[in-house]
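1. After the sequence you'll find the predicted model.
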Amino acid sequence: MGVVRIIGGQWRGRKLPVPVSEDLRPTGDRIRETLFNWLQFEWEGSQWLDVFAGSGALGFEALSRGASEVVMLEKSALVAKQLQANKQLLVAQGATIINTDAQYWLASHAQQKAFDGVFLDPPFRDADLDLWLKLLINQGCLKPNAWLYIEQPKERVLSLPYLRAYRQQQSGGVSFGLWQLQTPESELVS
């Protein structure tokens, strides 16, 4: 069993157990600190979607810093079970953990709820980031001017004509950045 640490907010310093899994790659402390500093005034009351929740480091950190809700999607039953246990450990009422395939959930989501931001950190072997972006936008998952955090291998190049780059950095083999939706609904990607 591994561990992730909440680095800021009401649960600062709390350590959460994380199962060891081949596809589980928790976002590191330095990267999370950078991301959460970029959006330090955006968390209060915000609603986020964590498409590949994994360790829950991003979602629980957002809740710790004032987000009102984070919907965490996780395909692995074992990992989703640990997310539920960590939710109970923190008494994280704003966390909703859904054990599901992210593509299926997004494809069936169709205008049910729009979020202030999305964490998109797919397994590094998943090369089809455009598919995830199209699903998020076309299914109405993003509010106007929503934030989109993307983490990926640094050698992968993104072409995001409907998103405005806010900040981007690299750390080791990881490229991470924050984008903001700029496309009017009438011009969504097909």
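-> Sure, I can see it.
2. all helices of the protein, in order?
-> 29-38, 57-64, 77-90, 102-109, 129-138 (DSSP state H).
3. How about the contacts made by the residue lying closest to residue 10 once chain neighbours are set aside?
-> Counting by Cβ to Cβ, 6 or more residues apart in numbering, the nearest residue to residue 10 once its immediate chain neighbours are dropped is residue 64, at 5.3 Å. C-beta: built from backbone N, CA, C; applies to glycine. For residue 64, the contact set (Cβ atoms under 8 Å, 6 or more residues apart in numbering) comprises 6, 8-12, 14, 90.
4. Specify the strand with the largest residue count in the chain.
-> Ranked by residue count under DSSP state E, the longest strand found in the chain is strand 142-153.
5. Centre of the chain to that strand, how far?
-> When distances are taken as Cα atoms, centre = their mean, to the nearest Å, strand 142-153 is centred 8 Å away from the chain's centroid.
6. ok, residues contacting that strand?
-> The contact list for strand 142-153 (Cβ under 8 Å, 6+ apart) reads 27, 31, 35, 39, 42, 58, 114-122, 124, 129, 133, 136, 158, 163, 166, 173-182, 185.
7. partners of the residue most central in space within the chain in the sheet?
-> Within the chain, the residue whose C-alpha comes closest to the C-alpha centroid is residue 119; the distance, by Cα atoms, centre = their mean, is 1.9 Å. Beta bridges link residue 119 to residue 50, residue 149, judged by DSSP bridges.
8. if I look at it, how far off is residue 1?
-> Distance check for residue 119 against residue 1: by Cβ to Cβ, to the nearest Å, it reads 23 Å.
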